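Undergrad: sharing a sequence plus its predicted fold:
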Amino acid sequence: MRYREAVEKDWRAYFGPNADSLLTSGLLWSTSAATDSIAQFANEKIRTLPKNISPAMLRSVPGKKLRAALDYFALAKSCEKFAVREIHYDWDNIPDTLHIEAGLPEKLEHAFSNTKDQFLKERLWFQLIRYHYFCAKYTSPADSAQVDPAEPILSLFHRYSTIFPKDLTWYRASAYVAGFYYRHHNYAQANYLYSRAYDYTTAMKIPSVWSFHPQDETDWAATLALAKNKDEKITLWHMLGMQVNDIRAIREICRLDPHSEKLDLLLSRLINSRENAGYTAAGNSNENSPELPLVDSVALAGNTCKPFFWTLSAGYLHYLNHDYPGATLWYARAKKQLPQTDTLIQAQYRLLHILLEIDQARVLQGRTEQQLVEPLNWLADLRDAKKTVPNLRFSGAVAYAATALAVKYRAQGQQVRAQCFTDSAAFYRKHTLIDSMRILLNKPAKTDFEKAMLRYYTATTEELNYQQAVLYTYEENYSKAISWMQKAGKPAQTDLPANPFGSRINDCHDCDAAAPTKKHYSPLLLLETMQAIHNDIAAGKDVYRNAYLLASAFYNITHYGNSRAFFANELNKSDTYSPDYLPSAFASLFTSPMLAHKYYSLALRRAVTNEQRARCTFMLSKCARNDAYNYALLKDDFNAPWQSWKPIPEIDTYFDQLKSKYTLTAYYREALKECGDLRDYVTAPPKAGKIR
Amino acid sequence: MIKGLLMAFFAFGLCTLLSGCSRPNSTAHTAFYYWKSNFYLNAAQDSLLRATGNRLYLHLFDVAWDDRSGKTFPDAVVRLRASVKGLQIVPVIYIRNQVFEHLTASGTDSLARQVTSFTERLAQAQQLAYDRLQFDCDWTLKTRDRYFQFLLAIKKIAKLPLEATIRLHQVKYRAQTGVPPVNSGVLMFYNMGKISADADSPNSIYNEADAEKYLAELNNYPLPLDVALPAFSWSVHSRNGKVRGLPMQISRQVLADSRHFTSDGAGYRAKNSFLLSGLYILKNDIFKPETISPGLLDQAARQLAPHLKLRPGRNIIYYELANIDTNLWQAAEFQRATARF
């Protein structure tokens, strides 16, 4: 597929200007059966053609030429059966067997010897070389370093290599010869041939680079010795440089011809590799960064084809190496060299300069902040597509700039400003921080810097209010929770997926969500109801029932309950399916059964029937179990799965009470049916070290 | 008679004193793993195998997971480029862990059918006879249930005895990791330490201290165990303190070349940048050779053997034939280590 376009172009030229282009592509890319039908039709053996081919199309190519081409396609398509296979292993096929049609090699040889048409002859030559490559691959042991020059593939290639034009077919044939050499450990010849194919056309660059594997300095020296001129040598160093990112290649190419464009790609790759090594790496010495003096010296010499490219890169490498004064000097020099009309390189310069400005700022305040207004707006404009610079890649720089500013502000103790540039869930665990952020968002006369900074902050006042209501809920401060929830916009009014006052023996959120319910609770209504219940308990009204309801609400607004939606939001990033993915600042708050436990215990104390007591006792065992999960998932290293888990004697205590006091209750019988762990406990002695 | 008894006593006493003797009447067999996908033996490998009893554990293929199609597929399928006539072959199938991370419980049964049938057809195509199958999978708590279910399904379909490789941590923590439902296990007695660029860290392939941590549990392991021992070496290749790879071709002899390397406290340091055996080495790269010599192999065998339950005809499988330096290793070295069991 890689060569499809070029191959088609060659055939169009061969068939002549009158040839129908659909016919050419049809012959090249249809199945062998279709080509076969066309051939039979051309030879008047059948009267029908494949759907997409018409007799008029066939007449667009001279008859003799067409028949010869059809003969070739028949052979070529037979060869493709073994040479062009998608190597996709599956359970139905045993891979790696070579099936060559009987008589095919002889037919190829015959056609090759007899055809006078050079175009077809070259292609038959290619088919034969490829055939010999596959034969050798499947039949000879791979570790033979000895190559007989009379090997058919070699003799065939060398005998005709000067006769045929050096076109795509020629280089494709040479690549199979290279593959043959490589398998026989003749790395010098193999790599040299790959380098020639690399240089020939863009389409061959990728397979050539992937196949290019010098092994030792000896074979590498031999490869270089095969190069016929300076340019061929440069290509070899260029390819070596690409594979190993070595500055040695840059040095050698500079020596051969500093003006070579092949240097530029190596510089890009060198910079990519330094970037990947990490922006935040500690300052490196020249010993560890040998690219610095090299790039400096090339930039200073100024004799490459794009000197500004090297000067700017020198500045950037010094910046990556935390040498800010050095980077400043190089950037200043680059600025004078940049082509004034090239908007892309101007924007690139500006981007790099902003990163330098941010990183070298010691304290962010007053004047430094003022200086950042314009760059921050420019970056935000790029991000929001309010400004476009074609081909400029900026997203990494925007993200880095924001993170770097956040780190600096955090170090300065300015958490609100830091939060504007990064999105940290932990920030929303503290009322004071949320308050400060709300004040900033609603400040009537913001400074230019604040306006620019807030372009990097995404949360709204209503989201802050919602989050603060959540925090007050777990503090049992209902009035404040309700007050903030009232100002939290639509989410406060959106129904929760299930009844938050419900309770069940086994946790099943889907069952709860599907259960028919008369009343739907929004977060706001939930809080108002909880407040009313709480007031009733305080007033001593129906304490068992009210405590049980409040306990269930608190159970359901933990991770284990049916109303996770109450707490999960964009700010606290707690919408997770497993508690070990909860942000650490919230893990304990949203998983702890403490509040549920408090009110189930109260309900138990105020229960009047054994049914009620059994129910409370079982729910308390569920709280203990969740505590055990929390211990295993949040405190233990879950990545070491064989860590021994903490035994939970509390569960056994509650089960023991159920077993000894409440066996006659209907609830107990129901629990026994639903809860395998309770069944296990009742029938088997407890085992230490296991969470049941 | 008395003389005979005396001689026996003397021999026994000497053995005890030297503690370097083989187990009397050892019935253990020497065998080798072969893990390259082109099966081809050079003359030295061939004669080593023939001199030690012709037992070969041949890696047939990997069971791999394709993210794009969401399906399993056989990968790195062996191609026989030499005859296996006269060899006793146990096919080994390696299962990559992603397979059971993705496969559903019902998928394990169809995978078992696919693997069995593929193995049969592959063996037929390559004219390979076998009477048991070995599976190699570094299962975790997460993949354990599906892997074990897969093994049970294979057992039912293939109707052959099954073996599974057992890693040291799976012996030590067997209560958590479980015991695979197979007829016997192969204890992998290597790769026990942490791979580290640090020159002072012990040999990660085998070292006595790390090995010792696992031995106490061995006697309690419920499966009969064969043993896999290391006969390979590599170098820990690091750059700026980070491990980059474990090239096997960079041996201690290669590192002794003073044109390229200097030896300092950190290991062997590259003096300049150069190509070597297909690897591009940069100036200041560090290599730390981790070598298993015949002597160290014997030490490992001596350390391990007393902790195993008795098992007549135990197979001692060396890893691995394609990479054994036949200049360094002769049949006698393997036979000596085998005789410890």
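TA: All right, it came through fine.

Undergrad: what's the longest strand in chain B?
TA: If you go by DSSP state E, chain B has its longest strand at strand B:55-66.

Undergrad: how close does A:F554 get to chain B?
TA: A:F554 sits 32 Å away from chain B, taking Cβ to the nearest Cβ, to the nearest Å as the criterion. C-betas here are computed from N, CA, C, even on glycine.

Undergrad: surely that residue touches A:Y599?
TA: Yes: A:F554 is in contact with A:Y599 according to Cβ atoms under 8 Å; the separation is 6.3 Å.

Undergrad: please, which helix or strand holds B:P74?
TA: Using DSSP states H and E, B:P74 falls within strand B:71-75.

Undergrad: what's in contact with the next helix or strand after that strand?
TA: For strand B:71-75, the succeeding helix or strand toward the C-terminus, using DSSP H and E, is strand B:79-80. Residues from elsewhere that reach strand B:79-80, judged by Cβ atoms under 8 Å, 6 or more residues apart in numbering or on different chains: A:D96, B:S37, B:N38, B:F39, B:Q126, B:L128.

Undergrad: mind listing what residue 234 touches?
TA: Going with chain A. Here A:I234 is in contact with A:I253, A:L256, A:D257, A:S260, A:K262 (Cβ under 8 Å, 6+ apart).

Undergrad: try chain B instead
TA: B:I205, B:L246, B:P247, B:M248, B:I250, B:P289, B:E290.

Undergrad: next secondary structure after the helix or strand of chain B with the lowest mean pLDDT?
TA: Least confident helix or strand of chain B, by mean pLDDT, DSSP states H and E, is helix B:2-18 with a mean of 43. Following helix B:2-18 in sequence order, the next helix or strand is strand B:29-34 (DSSP H and E).

Undergrad: B:N284 in helix, strand or coil?
TA: When classified by DSSP: H, G, I helix; E, B strand; the rest coil, B:N284 comes out as coil.

Undergrad: I'd say it and B:N272 touch.
TA: No: using Cβ under 8 Å, B:N284 makes no contact with B:N272, being 9.3 Å away.

Undergrad: more neighbours, those two?
TA: Counted by other Cβ atoms under 10 Å in any protein chain shown, B:N284 and B:N272 do not tie: B:N284 has more neighbours, with 16 against 12.

Undergrad: pLDDT value on that one, please?
TA: For B:N284, the pLDDT comes out at 91.

Undergrad: how about B:S19?
TA: With respect to pLDDT, B:S19 has a value of 45.

Undergrad: just the one 3 residues further on next, same as before
TA: In the predicted model, B:S22 carries a pLDDT score of 67.

Undergrad: how near is A:T48 to chain B?
TA: From A:T48 across to chain B, the span is 38 Å (Cβ to the nearest Cβ).

Undergrad: just the ones of the contacts of B:W234 in strands?
TA: Among the contacts of B:W234, the ones falling in strands (DSSP E) are B:P289, B:E290.

Undergrad: buried subset of the contacts of B:W234?
TA: B:I205, B:L246, B:P247, B:I250, B:P289, B:E290 (16 or more other Cβ atoms under 10 Å in any protein chain shown).

Undergrad: export those residues as TSV, with columns for pLDDT and distance to A:T343.
TA: Listed next are the buried ones among the contacts of B:W234 as TSV, based on pLDDT from 0 to 100; distance: Cβ to Cβ, whole Å:
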residue	pLDDT	distance to A:T343
B:I205	97	57
B:L246	96	48
B:P247	96	47
B:I250	94	49
B:P289	95	55
B:E290	95	55
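
Undergrad: B:A209: neighbouring residues, count only.
TA: By other Cβ under 10 Å, 9 other residues sit near B:A209.

Undergrad: name the nearest residue to it, ignoring sequence neighbours.
TA: Excluding the flanking residues, the one nearest B:A209 by Cβ to Cβ, 6 or more residues apart in numbering or on different chains is B:P202, at 6.5 Å.

Undergrad: now that neighbour: phi and psi?
TA: Reported as degrees, to the nearest 10, the phi and psi values for B:P202 are phi -70, psi 160.

Undergrad: so for it, what's the pLDDT?
TA: Note for B:P202: predicted pLDDT of 94.

Undergrad: identify the residues contacting it.
TA: Applying Cβ under 8 Å, 6+ apart, the residues contacting B:P202 are B:G193, B:A209, B:D210.

Undergrad: what separation do you get for it and chain A?
TA: Distance, B:P202 to chain A, by Cβ to the nearest Cβ: 21 Å.

Undergrad: I figured A:L66 was touching A:S60, is that so?
TA: No: with contact defined as Cβ under 8 Å, A:L66 does not reach A:S60; the gap is 9.0 Å.

Undergrad: which residues are in contact with both of the two?
TA: Taking Cβ under 8 Å, 6+ apart as the contact rule, A:L66 and A:S60 both touch A:F15.

Undergrad: okay, now A:K9: neighbour count?
TA: Counted with other Cβ under 10 Å, A:K9 comes out at 12.

Undergrad: contact partners for the closest residue to A:E475 other than its chain neighbours?
TA: With Cβ to Cβ, 6+ apart as the criterion, A:E475 has its nearest non-adjacent residue at 8.0 Å, and that residue is A:A481. Listed by Cβ under 8 Å, 6+ apart, the contact partners of A:A481 are A:A469, A:V470, A:Y472, A:T473, A:E475, A:L527.

Undergrad: what residues does the stretch 51-200 of chain B put near chain A?
TA: Neighbours of chain A within the stretch 51-200 of chain B, by Cβ under 8 Å from any Cβ of the partner chain: B:71-75, B:77, B:79, B:81-82, B:114-115, B:117-118, B:121-122, B:125, B:140-142, B:169, B:173, B:176-177.

Undergrad: filter those down to just the buried residues.
TA: B:71-75, B:77, B:79, B:114-115, B:118, B:122, B:140, B:169, B:173, B:176-177.

Undergrad: of those residues, closest to A:W210?
TA: Checking those against A:W210 by Cβ to Cβ gives B:D75 as the nearest, at 19.0 Å.

Undergrad: about what we covered before: of the contacts of A:A481, closest to chain B?
TA: Chain B has its nearest neighbour among the contacts of A:A481 in A:V470, at 32.4 Å by Cβ to the nearest Cβ.

Undergrad: ok, that closest one to A:I557 distance?
TA: In this view, A:V470 and A:I557 are 9 Å apart by Cβ to Cβ, to the nearest Å.
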